[in-house]
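A.B. asks: Build me a structure from this.
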Amino acid sequence: MQEQRLPRPLPHDPIAARTARVRPSCSASARGTCSSRADPTDAPQVGREALLVPLHHFNMVPLQILTLILVPPVTPTPKPAVMSGKGSKKKKAVQRSPAEFFADNKSIAGFDNPGKSTFTAIREFVENSLDATEEGGMLPNIQIQVDGIDKSIARPPLYGRASPGKAQDTMNGAGPADASAAKKNKDPSYFRITVRDNGIGMPHNEVPNMLARVLSGSKYGIQQARGRFGLGAKMALIWSKMTTAGELVAYTSQRGKKEITFCRLDIDLNKNEPKIKVHEKLPNDGTVVSEVLGKSFPEDWHGAEVSVMFEGNWTGNAGMKSRSYLLKYLRQLAVITPYAQISLTYVPLEPEKRKKDGLKVIFKRRAEYMPPLPKVVKHHPKGVGLVKIEELVRLALERDENMNLKRFLMISFEYITSLKTREIIDSLGSKFSDSLPVANLTQPMQMHLQKVISKMEWEDPDGAALSPAGEYNLYLGITKEFTPDMIATAKEPASVFEGHAFIVEAAVSVGGRNMAAGLNIHRFANRIPLIFEQSSDLVTHAAQDVPWGTYKINIKEDKIGVFVSLVSTKVPFKGTGKEFVSADCMEIRASVLRALKQCCNQLKHKIAAKHRERSQRDRKKELLQYVPNAVNSVCAVLESVDPTSERAAKRLRVDADPSLEEPTRALLERLQSSSVQPAELIDFLKKNVEQYNATETLQFMTEQGKKNQDLRPDDLRIQPKATAVGAFQFRTKSGLQFSNVPRALFSRGGIL
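C.D. replies: The predicted model follows:
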């Protein structure tokens, strides 16, 4: 067979050049296999070492395929695996504690910056105090104190004195050139927050875990509660540790105990455990003095005092100022809890500023009625998922290892009776029975159980376990803090959202102090004020859906206060910061809208009554304005009449009308004799206008009282003049004053 050499490729043909540059890299005699690779450095020698192949073998083979055959792709050499540790080949999994997670993600719990952290820490302490006092059935008495702390105390220098450096150079004028840079380098402020209450206190052995172990608390379970995550006091301690390496100081004592527990705590972020520095008992005999406030505890004291020091912002130049938000929060808290007395004291660091910038505010108690305590309830079958089923199974086995399925269903869920368990087990199939041990429930069986009970028809929760603030407390709180001109309250019946009962209470006010023109929205969830993210909350969206003009309310000019309180065993907050409830919760939003419309409908009648009262006042003013002109006209007519004329003989005889009262009869007789003076007649007519106006007003208010038995004291303030006589003197808010009003007009079915 004739063999020919392949011609040397042209320089411009890359594929052919690639084929021609191929040469053997080894001999068949030396190795059993031979691998070929392209070597661009050998290109000039291709003519001498070219492969000899029969030409007719390539007549029908495309050049691209020929290239792939002669030049197989080069497989890259894999890089050696990087060792993660000394002598280890696998990457080791790292576990993080809850405390460490929340320390790195502190904004989740509301500790975004120094200003908001100051506000959030005080809010958490106050809400814990309210829970402790209400649980013990005691009227809350909460004291809050904020003290400015020197930097040398909050962050003491390493060697006992400030080291010369950038900070000292900045003080001497060698610092930033512009004002913005100086503002950024401004030294932070430090504060000590202390809250004392008269609650039930904490058990001695549980204090470290309750104050210095994240996700440890007593508020877990299906129950209406202000807090749910066990983060409040712990996050304040974590923020203190991150900014000042500080610690938490606590005094607490339970009712009837003869000792006070004193603790000084830190927290181990890696282990999520408390670091106990001091944990001792002190006598509860009135001799113990708080090292924080410098005040002694009274004998047989019960309650808690918690203090923590950290970086904050009270009224600084940059960032969020906690002072304004805190005052707003406490004012709204006084609205929803008028049975609590709360005092706030702020002591600046500089003594010369304490008189000017110091603050002491007391929100006094207005009522003594506290709502009943919320009850712990079992899970509603519609509100549980697979994860909750697994948790309930685990809790049931911890309670009784031999528990059967029937008993498990009855003790774990609401509305499951013995008869209902029979229906559920029949629906589950042949693998299930009353006596089936709960320990034998596999995950597929638990999934099937959850699917069956979620599709069945169940009664809605009745809301008996909830504890709303009450319309009475809501009315008193709004009246005390805002003194509105008119107010109306409403309460919606219990409804259900995602298997959890909720109740909505609402109030709408018109006028008052501390109110701006337009909508002033105040939101409460489980009796705590919501301050932030107002525009995203469902209450704001519901208030914007109300047709205010239909109810004679001018949304642009009137000062409208909107107050909505939501209580539930599970408030659907967005995030753990408890800042707002999403507007996507349509069932709750619809209930809020209905309650607001009820309030507006009540106000519509009150506004109409106000307009009628205003028109009566205007009519009285107009009548009094024309009295002098009318008297002058009467006097002119009398002077123009001739006593001897026939017209004068037809004048009305005084004795002919027996219905005339004695003063009127005497005045007419004097008019006949022309002995009355114009001034006397003017005074007489003015008194008659006043009497007529008073009669009309009393009649109108009596009719309104019959229509609305709950006429508010703000609409009519009554002061007894002489109870023995049985008459009153009173005045209305419009300015009308009445004297010697008979007691009969103020009967139960009348005005009051």
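A.B. asks: for this protein, which helix is longest?
C.D. replies: Secondary structure assigned by DSSP state H gives helix 586-640 as the longest helix of the chain.
A.B. asks: Against which helices or strands is that helix packed?
C.D. replies: strand 486-491, strand 495-497, strand 500-510, helix 538-544, strand 559-568, helix 678-707 (3 or more Cβ pairs under 8 Å, 6 or more residues apart in numbering; DSSP states H and E). No exception for glycine: its C-beta is placed from N, CA and C like everyone else's.
A.B. asks: Residue 261 and residue 240: what is the separation?
C.D. replies: Relative to residue 240, residue 261 is positioned 20 Å away (Cβ to Cβ, to the nearest Å).
A.B. asks: hang on, residue 427 packs against residue 449?
C.D. replies: No: Residue 427 is not in contact with residue 449 according to Cβ atoms under 8 Å; the separation is 9.8 Å.
A.B. asks: Which one of the two is surrounded by more residues?
C.D. replies: residue 449 (23 against 14; other Cβ atoms under 10 Å).
A.B. asks: wait, is the more buried one part of a helix?
C.D. replies: Yes: counting by DSSP: H, G, I helix; E, B strand; the rest coil, residue 449 is found in a helix.
A.B. asks: and it, what does it touch?
C.D. replies: 389, 428, 432, 441 (Cβ atoms under 8 Å, 6 or more residues apart in numbering).
A.B. asks: and the first one, how many residues sit next to it?
C.D. replies: If I follow you right, that is residue 389. If we define neighbours as other Cβ under 10 Å, then residue 389 has 20 of them.
A.B. asks: residues making contact with the helix or strand hosting it?
C.D. replies: In this assignment (DSSP states H and E), residue 389 forms part of helix 386-399. Residues outside helix 386-399 that contact it (Cβ under 8 Å, 6+ apart): 379, 384, 403, 408, 411-412, 438-439, 441, 443, 446-447, 449-450.
A.B. asks: Please pick the buried ones from those.
C.D. replies: Buried residues within the contacts of helix 386-399, counting neighbours by 16 or more other Cβ atoms under 10 Å: 379, 384, 403, 408, 412, 438, 441, 446, 449-450.
A.B. asks: Could you tell me which of those residues belong to helices?
C.D. replies: 408, 412, 446, 449-450.
A.B. asks: Taking those residues together, which two end up most distant?
C.D. replies: 408 and 450 (13.0 Å; Cβ to Cβ).
A.B. asks: Excluding residues flanking it in the chain, which one is nearest residue 129?
C.D. replies: residue 197 (3.5 Å; Cβ to Cβ, 6 or more residues apart in numbering).
A.B. asks: Quick check: mean pLDDT of the longest helix of the chain?
C.D. replies: Averaging pLDDT along helix 586-640 yields 81.
A.B. asks: What is the nearest of the ones in helices among the buried ones among the contacts of helix 386-399 to residue 568?
C.D. replies: Nearest to residue 568 among those, with distances taken as Cβ to Cβ, is residue 412, at 20.4 Å.
A.B. asks: and that closest one, how far is that from residue 395?
C.D. replies: 8 Å.
A.B. asks: Spatially, what comes nearest to residue 278 if we skip its sequence neighbours?
C.D. replies: residue 264 (3.9 Å).
A.B. asks: The one you found pairs with what?
C.D. replies: According to DSSP bridges, the residues that bridge with residue 264 are residue 249, residue 278.
A.B. asks: List the buried residues of whatever helix or strand residue 520 lives in.
C.D. replies: If you go by DSSP H and E, residue 520 is part of strand 518-525. By 16+ other Cβ under 10 Å, the buried positions in strand 518-525 come out as 519-525.
A.B. asks: how about low-confidence regions in the stretch 651-752 of the chain?
C.D. replies: 651-665, 667-676, 692-752 (pLDDT under 70).
A.B. asks: do the same with the chain
C.D. replies: Short version for the chain, where the test is pLDDT under 70: 1-91, 158-186, 217-221, 228-230, 317-319, 575-577, 616-617, 637-665, 667-676, 692-752.
A.B. asks: hmm, back to that, which of the ones in helices among the buried ones among the contacts of helix 386-399 sits closest to residue 565?
C.D. replies: Using Cβ to Cβ, residue 412 comes nearest to residue 565 of those, at 30.6 Å.
A.B. asks: Can you give me every residue that contacts that closest one?
C.D. replies: 378-379, 392, 396.
A.B. asks: Which residue is the nearest non-sequential neighbour of residue 428?
C.D. replies: residue 452 (5.7 Å).
A.B. asks: hang on, the one you found is in a helix, isn't it?
C.D. replies: Yes: assessed with three-state DSSP, residue 452 lies in a helix.
A.B. asks: I'd say it and residue 432 touch.
C.D. replies: No: counting by Cβ under 8 Å, residue 452 does not reach residue 432; the two are 9.3 Å apart.
A.B. asks: Of the contacts of residue 412, which qualify as buried by neighbour count?
C.D. replies: Of these, these count as buried by 16+ other Cβ under 10 Å: 378-379, 392, 396.
A.B. asks: Serialize the residues you listed to JSON lines and add fields for distance to residue 540.
C.D. replies: Output for the buried ones among the contacts of residue 412, formatted as JSON lines (distance: Cβ to Cβ, whole Å):
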{"residue": "378", "distance to residue 540": "34"}
{"residue": "379", "distance to residue 540": "31"}
{"residue": "392", "distance to residue 540": "37"}
{"residue": "396", "distance to residue 540": "43"}
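A.B. asks: What is the nearest of those to residue 568?
C.D. replies: Using Cβ to Cβ, the buried ones among the contacts of residue 412 come closest to residue 568 at residue 379, 14.2 Å.
A.B. asks: isn't that closest one right up against residue 414?
C.D. replies: Yes: counting by Cβ under 8 Å, residue 414 is a contact partner of residue 379 at 6.7 Å.
A.B. asks: now what about stretch 571-590, what contacts it?
C.D. replies: Residues outside stretch 571-590 that contact it (Cβ under 8 Å, 6+ apart) are 108-110, 120, 229, 231, 495-498, 502, 504, 523, 525-526, 528, 530-534, 536-542, 566.
A.B. asks: buried ones in that stretch?
C.D. replies: Buried residues in stretch 571-590 (16+ other Cβ under 10 Å): 571-573, 576-581, 583, 585, 588-590.
A.B. asks: Alright, I will stop here.
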